[in-house]
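1. what shape does this take:
(2 chains)
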Amino acid sequence: DTEVTQTPKHLVMGMTNKKSLKCEQHMGHRAMYWYKQKAKKPPELMFVYSYEKLSINESVPSRFSPECPNSSLLNLHLHALQPEDSALYLCASSQDFGETLGYTFGSGTRLTVV
Amino acid sequence: SQQGEEDPQALSIQEGENATMNCSYKTSINNLQWYRQNSGRGLVHLILIRSNEREKHSGRLRVTLDTSKKSSSLLITASRAADTASYFCATVPTGNQFYFGTGTSLTVIP
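-> Numbering: from 1, shown residues only, chains lettered A, B, ... in the order given. Take a look at the predicted model:
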């Protein structure tokens, strides 16, 4: 298996809702990443997990809460989001954090906050 | 910002023509990578060039790197309609993770 699987593919949520995005990989990669991408912009790093521990939080608002239950799974819990949080959320993984030979990306979750 | 800048922002060519896009960056790098993104989808790794390399080929892709000018170019030869996508360079500062450039939107007209 050489893929990163993200679910759901599309999500519409109200500003008072709580939802979660899921990301899964079975390549044995020990680093996993969440990126946010607005239309016609490059992806922006949000969080990095290395060996199931949070290594980097790029000053992301607390309404985004990441979780890494095990080495194959990465979640992003969403609560009290704003319409400007609508974006494509991408998950990626790599063999190790700091191993910069190439990331494997999921297809993303298209999030719309209404 | 360590983000790379790409130009052109948008490029439209006829099928069969070559497409060239450029990336400039600010800091010393370990390597530079190019990614492709179809509309609203994830990114796909295309090619990596290390800081001690000047040119690299992969199929119809040719990448050059000029570390003295802090710039790279991606050439896609004999373009196809299926090459229509956004292309991002990703620079890897020494000893650090990488940062995506601003991207070039390529449209190949059949």
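2. where along the chain do the strands fall?
-> Chain wasn't specified; assuming chain A. A:4-7, A:10-13, A:18-25, A:31-37, A:44-50, A:53-57, A:64-70, A:73-79, A:87-94, A:104-105, A:109-113 (DSSP state E).
3. nope, chain B
-> Assigned by DSSP E, the strands in chain B fall at B:5-7, B:10-14, B:19-24, B:29-37, B:43-50, B:55-58, B:61-66, B:71-76, B:85-93, B:99-100, B:104-109.
4. closest one to A:Ala80 among these?
-> strand B:99-100 (28.0 Å; Cβ to Cβ). Where you see a C-beta, it was placed from the backbone N, CA and C, and this is true even at glycine.
5. that closest one packs against which elements?
-> Here strand B:99-100 is seen to pack against strand B:85-93 when contacts are counted using 3 or more Cβ pairs under 8 Å, 6 or more residues apart in numbering or on different chains; DSSP states H and E.
6. sheet partners, orientation included, of the strand it packs on?
-> According to DSSP bridges, strand B:85-93 forms sheet pairs with strand B:29-37 (antiparallel), strand B:99-100 (antiparallel), strand B:104-109 (antiparallel).
7. got a list of contacts for that strand?
-> A:42-43, A:100, B:2, B:4, B:6, B:21, B:23, B:25, B:27-39, B:43, B:46, B:72, B:74, B:98-106 (Cβ atoms under 8 Å, 6 or more residues apart in numbering or on different chains).
8. repeat that with 7 Å
-> A:42, A:100, B:2, B:4, B:6, B:21, B:23, B:25, B:27-38, B:43, B:72, B:74, B:98-101, B:103-106 (Cβ atoms under 7 Å, 6 or more residues apart in numbering or on different chains).
9. okay, the strands of chain A in a markdown table with mean pLDDT, mean neighbour count and distance to chain B next?
-> A markdown table is the format used below for those (pLDDT from 0 to 100; neighbours: other Cβ atoms under 10 Å in any protein chain shown; distance: least, Cβ to the nearest Cβ, whole Å):
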| stretch | mean pLDDT | mean neighbour count | distance to chain B |
| --- | --- | --- | --- |
| strand A:4-7 | 97 | 18 | 7 |
| strand A:10-13 | 96 | 14 | 10 |
| strand A:18-25 | 98 | 19 | 11 |
| strand A:31-37 | 94 | 23 | 8 |
| strand A:44-50 | 91 | 20 | 7 |
| strand A:53-57 | 89 | 13 | 8 |
| strand A:64-70 | 96 | 15 | 16 |
| strand A:73-79 | 97 | 19 | 14 |
| strand A:87-94 | 94 | 24 | 6 |
| strand A:104-105 | 92 | 21 | 4 |
| strand A:109-113 | 97 | 18 | 6 |
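10. that'll do, ta.
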